[in-house]
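K.L.:
Okay, sequence plus prediction incoming.
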Amino acid sequence: MGLPSPEGRVIVQSWNIQAGGGTRMTAILASIARHAADTVVLAETTTTRLGELTAGLRSLGFASFHAPEPPARKRGILLASKRPFVPRDVSATRRVEPHRWVEAWFPKERFGLAGIYFPDTAKPIQALWPRVHEAARRRREEPFLLVGDLNSGHGAFDTEGAELSSEPWFTAMPYHGMTDLWRHKHRDVREYTWYSNHTGRRRGFRLDHAFGTASLRRRVRTIWYSHDERLAGTSDHSPLLLSLR
């Protein structure tokens with residue numbers, strides 16, 4: 001359980017675990033073990049549950065951690081891996097709330113990884129996107145993976161009939177050197193990772209994403225969503241999983 005994935009593969013699990021995990025912590029850790037993830041990016045971590053989460057990950061063999069502590073009553077993001085990595089500064093030069101963005105370099109596997117947890121309202125989302133575009137441009141010549149709950153998508157393809165104010169920023173990513181890796185593999189497929197019941201109408205959204213530069217994209221073996229966790233109530237989001245050569 002504590003060893004890296006077979007055949008030299010890296011399996012990344014990116015997941016919004018909903019309000020720190022709470023009483024669902026055992027099920028969250030079971031999901032990570034079941035998918036044999038050796039690198040995880042977990043959003044909506046909380047200071048009250050971070051110690052329990054880190055201890056649980058250590059019991060699964062995770063040894064490298066990067067988790068900027070969120071301010072009081074805020075939720076943050078954690079990067080953990082069974083593989084050694086070097087934390088590095090955010091690739092955007094303009095200020096980013098540190099609890100929303102973790103970044104690292106994996107020296108043996110030779111790729112960079114950024115995990116981002118976006119706000120959930122329109123103006124803060126739009127304010128963060130230019131930083132993401134800048135990071136993409138700065139890293140476009142290296143193997144670079146960006147994952148997380150981006151609270152964004154393409155209205156026509158990633159929602160059940162909703163408009164997303166973030167769509168122009170989301171769809172501009174290829175112009176900054178990064179590809180929507182799930183859409184690249186699955187083309188016209190529709191899958192949703194979170195559901196809204198606003199005004200009594202249930203609608204699906206694909207809000208959890210992975211983007212990669214050209215050199216990273218060529219290393220992607222498979223990418224998929226696991227909806228069992230959301231359907232079971234382990235979190236209100238489905239985790240995204242990615243296997244890299």
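P.N.:
Received it, and whenever you're ready, just let me know what you need.
K.L.:
count of neighbours near T199?
P.N.:
6 (other CB atoms under 10 Å). No exception for glycine: its C-beta is placed from N, CA and C like everyone else's.
K.L.:
Please report the distance of it from R190.
P.N.:
Remark: distance between T199 and R190 (CB to CB, to the nearest Å) = 22 Å.
K.L.:
Check which residues of the longest helix along the chain are buried.
P.N.:
Counting by DSSP state H, the longest helix found in the chain is helix 122-139. Neighbour-count burial for helix 122-139 flags I125, L128, W129, R131, V132, H133, E134, A135, A136, R139 (criterion: 16 or more other CB atoms under 10 Å).
K.L.:
so G56 sits in a strand?
P.N.:
No. Under DSSP: H, G, I helix; E, B strand; the rest coil, G56 sits outside any strand and is assigned helix.
K.L.:
Who are the contact partners of it?
P.N.:
M25, T26, I28, L29 (CB atoms under 8 Å, 6 or more residues apart in numbering).
K.L.:
between those residues, which is closest to Q18?
P.N.:
Nearest to Q18 among these is I28, at 9.1 Å by CB to CB.
K.L.:
circling back to that earlier point, show the subsequent helix or strand relative to the longest helix of the chain.
P.N.:
strand 144-149 (DSSP states H and E).
K.L.:
just so I have it, where are all the strands in this protein?
P.N.:
10-16, 39-45, 64-66, 76-81, 86-87, 101-106, 111-117, 144-149, 179-180, 194-196, 203-205, 208-212, 220-225, 240-244 (DSSP state E).
K.L.:
what comes into contact with the fifth one?
P.N.:
When you say that, I think you mean strand 86-87. Residues contacting strand 86-87 (CB under 8 Å, 6+ apart): H66, L79, V102, E103, A104, W105, F106, P107.
K.L.:
who does that strand pair up with?
P.N.:
Sheet partners assigned to strand 86-87 using DSSP bridges are listed as strand 101-106 (antiparallel).
K.L.:
Kindly report the same for the second one.
P.N.:
For strand 39-45, the pairing partners within the sheet under DSSP bridges are strand 10-16 (parallel), strand 76-81 (antiparallel).
K.L.:
Direction-wise, compare the last one with strand 144-149 and give the angle.
P.N.:
Spelled out, it's strand 76-81. Between strand 76-81 and strand 144-149, the angle comes out at 130 degrees (axes from the mean of the first three to the mean of the last three CA atoms, to 10 degrees).
K.L.:
for strand 76-81, the distance to its chain's centre please.
P.N.:
Computed by CA atoms, centre = their mean, to the nearest Å, the chain-centroid distance of strand 76-81 equals 10 Å.
K.L.:
re the thing from before, for T159, find the nearest of the strands of the chain.
P.N.:
strand 203-205 (5.1 Å).
K.L.:
Can you give me the buried ones in that closest one?
P.N.:
Here strand 203-205 shows G204, F205 as buried, counting by 16+ other CB under 10 Å.
K.L.:
Kindly report the same for stretch 68-76.
P.N.:
P68, P70, R75, G76.
K.L.:
What of stretch 194-210?
P.N.:
Buried-residue list, stretch 194-210, by 16+ other CB under 10 Å: W194, S196, G204, F205, R206, L207, D208, H209, A210.
K.L.:
Likewise for stretch 230-245?
P.N.:
Here stretch 230-245 shows R230, T234, S235, D236, H237, S238, P239, L240, L241, L242, S243, L244 as buried, counting by 16+ other CB under 10 Å.
K.L.:
Give me the pLDDT for L113.
P.N.:
Here, the pLDDT recorded for L113 equals 98.
K.L.:
Perfect, I'm done here.
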